[in-house]
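> Got a predicted model here, sequence first, then my questions.
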Amino acid sequence: MKRDSLGTVQRSRRQSLRASAAYGAVPAVLAAAYAIGTWGLPGRLPMLLVSAVMVGFAVLGWTTASRIARTRWWIWIQSAAAGVNLAGSAVLGIMDDGVAGPLGTFIPLSVVLLAIVVPPRAFLVTAGLGVTAYVALMVFGDTPPAGYPLVHGLGFACVAYLCLRHSAVLASLRRRLADSSRTDPLTGCLNRRGFDERMAAELADAERAGTPVTLVLLDLDHFKEVNDTHGHRAGDELLAWTGQELRADLRAHDAVGRQGGDEFAMLLPGTDVEAAEVVVERLRERLRVCSPASLGAATFPGDASDFAGLLLVADQRLYQDKAARVRRAPTAEAVAGARDGVRPSGPVAAVEARERRRHSIADPGWMSMTQTCVALVYVMLVANDHEHRAGMVALSLWGFFTGLAVVVGADWLSRSRLARPLMLAFAFSAFVSCAAIATLDGGVDQPLGIGVLISIPLLMLGMRPEVAAPVAMAAGGLYLLVGLQVGDLCGWYVTLQLLGTAAAATACALQGRAAAGQRRMLTRLSRVDVLTDVLNRRGFAERFAAEVADSRRTGRGAALLVLDLDGFKLLNDAQGHAAGDELLRWVAATLRSEVHPHDIVGRLGGDEFVVLLTDGDAFDVADNLRTVLAARIGASIGVAVLGVDGEDFDGLYAIADARLYQHKKPTPRYVRS
């Protein structure tokens, strides 16, 4: 079972606690400025004191976030702090003009802010506290205009829900990308990075608890001959079968990793030397059917006290096992049996291309639909006799159906180059419609006036700041224009609504940017080979599909090169896996330096590399690569040309792999650097 390190979890908790504390101070700071600016009115000193208490709680929450994050009760403490903030906002509103006053929006605005930082399961408590505080403000504050609490309550509830939903989607995306970045795409086992992280965590736990941990290394017998005799496709199927069998044999808290090529590693927490011997023999018998292997085990703390020491001891015992056994390559029947025995593995970190973009496009559409539904409810239930009822209904229906069109077309828009201009046109239409509805309703201080501003936080959360910020500023300008031109407006009301919305928008933009940074990092890790820093199997497949589609569209040629190092297994056996790893890194760096920057280099596993050429003669490039790589190791290279030898990766790979073995030298060699 995969898990984050304790430090990562606590860091995430600390960030959530500090963000909720900082956002909780926003209403207090704005209320303090309002109290000072209207000092001549009654109750300003108590209002200032309440604001000071709220700021004090926010500062306390910020400074103690690290300690709170280490406790089991951190969510409840965060919820209690949110309750204090919401109660303070209710008291401030009661001291002023109630729900419809300048401070009346602080409670729903605080709920929106908390929706982007509080964990979903805790947000239910936060939402309940927000409803309670808002009801108290309605009961004990001044009487608002008819429909005002209905529109504001429902409107902000929709925004909070959509922000929470968007944050949950992004969190799910990050979790799946994190899993993907730690998983070998061929076997479903942990990759080198994921295994190393898991090993470090288990060793730390074992050291604290005084329990043993066993590391088992495994190397398939004569796996190179499987590739050379039956092709890389058969080798891949044998590796997938091996990973499947290893995972099936171990306990839920054990871990299996693919270190590279035909090398696997197993982590057995709580397993001592005697139990490890039983596990090793059981694994040997299980794999003997299709992929016999040599194994070596080392146990903490008896054999070594750290990961590097365990690796060294286990590697030494693996080679002792190789020398003591009669090793034979898997037979054709065994290879066929592995092919037939491979079962499709469950989806690992299934992350669709353009998934985040599709959600970010659909969310403004959902926002438009929900807000126009709120406006329609208000018109039908409260303003049924309003003189501009027909106009408000018509504008609301326009907003609903344009939002519906965006939601329905989100997938198409996510793939279209017209997405940005069309979404900007939609945003312009939505905000102008909201401003028109607010004008017909009598101004921005009337129930429907908040519609001009209410979608800005969600917009900033889901879109890139350079795109969303100008739209948000234009919406704020529309709000100010309507406020100055329509109705008898209090300047403080407009100012506080604009400042509160700006604070929420800034918070959402910061959260969105942080999530985007994490997403980019995890996306790269999930698609880049940990050892060589070139694309892994997953990353190369995605780039290949995109580049081939572009080549077909532009008429530009492309070719696939499949490379296999000659005698790499002999180097590993003679000089150890560290020497093999160093050579693989050199090969990857050499390939990248010898092809054009826009060509794509990937490592499919072991000593098998692939290159997608988009320029130049592929056969000349292959000859040049053989010459350059010969400085340290021989390489066999197969070439397949797009449109001549195949139209997709599988077809090109099969042709290139066959040509690779036609030119493979009979005597593999390696050159010591």
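It's in. Numbering: from 1, shown residues only.
> Count the residues that sit near Leu531.
Close neighbours of Leu531, defined as other CB atoms under 10 Å, add up to 19. Heads up, the C-betas are built off the backbone N, CA and C, glycines and all.
> same check, this time on Arg417
6.
> where does it land in three-state SS?
Three-state call for Arg417 (DSSP: H, G, I helix; E, B strand; the rest coil): coil.
> Please tell me the pLDDT value assigned to it.
Listed pLDDT for Arg417 reads 85.
> now swap in Ile454 and tell me
With respect to pLDDT, Ile454 scores 91.
> That one contacts Leu154, correct?
No - the pair Ile454 / Leu154 is not scored as a contact, 10.5 Å apart, by CB atoms under 8 Å.
> Compare those two and say which is more crowded by neighbours.
Ile454 (28 against 18).
> Quick one: residues contacting the more buried one.
Gly155, Phe156, Val159, Gln371, Thr501 (CB atoms under 8 Å, 6 or more residues apart in numbering).
> can I get the residues you listed in TSV with neighbour count, pLDDT and secondary structure?
Below are the contacts of Ile454 laid out as TSV (neighbours: other CB atoms under 10 Å; pLDDT from 0 to 100; DSSP: H, G, I helix; E, B strand; the rest coil):
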residue	neighbour count	pLDDT	secondary structure
Gly155	25	91	helix
Phe156	24	91	helix
Val159	25	90	helix
Gln371	28	92	helix
Thr501	25	92	helix
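> Of all pairs in these, which one spans the longest distance?
Maximum pairwise distance in the contacts of Ile454, criterion CB to CB, is 14.2 Å, between Gln371 and Thr501.
> Can you show me the CA trace of stretch 415-432 as CSV?
Included here for stretch 415-432 are C-alpha records, laid out as CSV according to Å, rounded to 0.1, in the frame of the first residue of the first chain:
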residue,chain,number,x,y,z
ARG,A,415,-9.1,20.1,-27.5
SER,A,416,-9.7,23.2,-29.6
ARG,A,417,-7.4,26.1,-30.3
LEU,A,418,-10.5,28.3,-30.2
ALA,A,419,-11.0,27.6,-26.5
ARG,A,420,-9.5,30.8,-25.2
PRO,A,421,-11.4,33.3,-27.5
LEU,A,422,-14.6,31.4,-27.0
MET,A,423,-14.3,31.3,-23.2
LEU,A,424,-13.4,35.0,-23.2
ALA,A,425,-16.5,35.7,-25.2
PHE,A,426,-18.5,33.6,-22.8
ALA,A,427,-17.1,35.4,-19.8
PHE,A,428,-17.9,38.8,-21.4
SER,A,429,-21.4,37.7,-22.1
ALA,A,430,-21.9,36.3,-18.6
PHE,A,431,-20.7,39.4,-16.7
VAL,A,432,-22.5,41.8,-19.0
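> Excluding chain neighbours, what is closest to Val444?
In this structure, Val444 finds its nearest non-sequential neighbour in Gly483, 4.5 Å apart by CB to CB, 6 or more residues apart in numbering.
> element containing that neighbour, please.
Using DSSP states H and E, Gly483 maps to helix 465-485.
> which secondary structure elements does that helix contact?
Packing partners of helix 465-485 (3 or more CB pairs under 8 Å, 6 or more residues apart in numbering; DSSP states H and E): helix 419-441, helix 456-462, helix 491-527.
> Just after the worst-scoring helix or strand of the chain on mean pLDDT, pick out the following helix or strand.
In the chain, no helix or strand scores lower on mean pLDDT, DSSP states H and E than helix 568-575, which sits at a mean of 74. The C-terminal neighbour of helix 568-575 among helices and strands, as given by DSSP H and E, is helix 577-594.
> Distance from the chain centre to that following helix, please.
Averaging C-alpha positions (CA atoms, centre = their mean, to the nearest Å) puts helix 577-594 29 Å from its chain's average.
> Give me the distance between the two termini of stretch 248-267.
Start-to-end span of stretch 248-267 (CA to CA, to the nearest Å) is 14 Å.
> If you count neighbours, what's buried in it?
249-250, 254-267 (16 or more other CB atoms under 10 Å).
> re earlier: can you tell me which of the contacts of Ile454 lies nearest to Leu137?
Phe156 (12.9 Å).
> And the pLDDT for the residue nearest the centre of the chain?
Most central in the chain under CA atoms, centre = their mean is Arg174, positioned 2.1 Å from the mean C-alpha point. According to the prediction, Arg174 has pLDDT 73.
> Following the record's annotation, map out the domains of this structure.
1-144, 189-337, 355-527, 537-662 (automatic domain parsing).
> where's the first one relative to the chain centroid, distance-wise?
Chain-centre distance of domain 1-144: 28 Å, with CA atoms, centre = their mean.
> quick one: low-confidence ranges for the stretch 551-673 of the chain?
Judged by pLDDT under 70, the stretch 551-673 of the chain has its weakly predicted residues at 573, 664-673.
> ranges for the strands of it?
559-565, 600-605, 608-613, 635-641 (DSSP state E, counting those that start in this stretch).
> Please tabulate these in a markdown table, including the columns distance to Tyr148.
Compiled in a markdown table, the strands of the stretch 551-673 of the chain are given as follows (distance: least, CB to CB, whole Å):
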| stretch | distance to Tyr148 |
| --- | --- |
| strand 559-565 | 65 |
| strand 600-605 | 58 |
| strand 608-613 | 61 |
| strand 635-641 | 69 |
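> what is the rounded mean pLDDT of stretch 128-144?
Mean predicted lDDT for stretch 128-144 stands at 93.
> Same question for stretch 217-235.
What stretch 217-235 shows for mean pLDDT is 82.
> Can you list the buried residues in it?
Quick answer for stretch 217-235 (16+ other CB under 10 Å): 217-221, 223-224, 226-228, 230-232, 234-235.
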